[in-house]
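S.K.: structure of the sequence below:
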Amino acid sequence: MNRALLPCLVLFLFCIPVYAVEVGEPAPAFEAADDTGKLWKSSDHIGKRILVVYFYPADMTGGCTAQACGYRDRMDTLTASGAEIIGISGDSVENHKLFKRAHDLNFTLLADGDGSVASAFGVPVSVGEKTVVKSIDNKEVPLVRTATARRWTFVIDRNGTVVHKDAKVNARSDPETIAKVIAALR
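M.R.: Numbering: from 1, shown residues only. Prediction:
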């Protein structure tokens, strides 16, 4: 094999998962740093609430902000229905802190800088540094992420089973769709 092609082959294999979690299957166990820098473990949450795990490409970008704000705006209804929302991207803990503060987000964001959590679910992810520059508190701030996942959403019931999967998420309508899924589970 041509050694020059090896990095491309590795990247190709990493970006397109061989296996994706399906409805009816157990959700993979996962952990990552949350937006406060603490380790968040799925094993501490499964069984207590319905988990909505949504993967998104990047903090402070148009669709991702609309999706996050949609979850923020429906949080009372979602939590009253027994749900906990977890947003996951390849952004750093610091980026997540800024994103939460800028948009008054009221749920947990996890930093998946190496794409391992996305990969565990089968979400396509590419690894590589990307930067967006955003104005935060009247300052231009570079937000660097090291992995970029596709936008997918999963709902995990209290038994740890995936009961809903959307691999073609519409960022703006995802929170409303998930609110209906959660309501149907009750």
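S.K.: Cys64 belongs to a strand?
M.R.: No - if the criterion is DSSP: H, G, I helix; E, B strand; the rest coil, then Cys64 is helix and not within a strand.
S.K.: how about it: what's its closest non-neighbour residue?
M.R.: Counting by CB to CB, 6 or more residues apart in numbering, Cys64 lies nearest to Tyr56, which is 4.6 Å off, once chain neighbours are set aside. Any C-beta I mention is one placed from the backbone N, CA and C, and that applies to glycine too.
S.K.: which residue ranges form the strands in the chain?
M.R.: Using DSSP state E, the strands found in the chain span residues 31-34, 39-41, 50-55, 83-89, 108-111, 125-136, 139-149, 152-156, 162-166.
S.K.: for these, which one sits closest to Cys69?
M.R.: In terms of CB to CB, the element of these nearest to Cys69 is strand 83-89, at 11.2 Å.
S.K.: contacts made by that closest one with the rest, please.
M.R.: Residues from elsewhere that reach strand 83-89 (CB atoms under 8 Å, 6 or more residues apart in numbering): 32, 40, 45, 48-59, 64, 68, 71, 75, 78, 96, 105, 107-112, 117-118, 145, 147-149, 155, 178, 182.
S.K.: contacting residues for Leu110?
M.R.: Contacts of Leu110 (CB under 8 Å, 6+ apart): Ala32, Ala33, Asp34, Asp35, Trp40, Ile86, Gly87, Ile88, His96, Val117.
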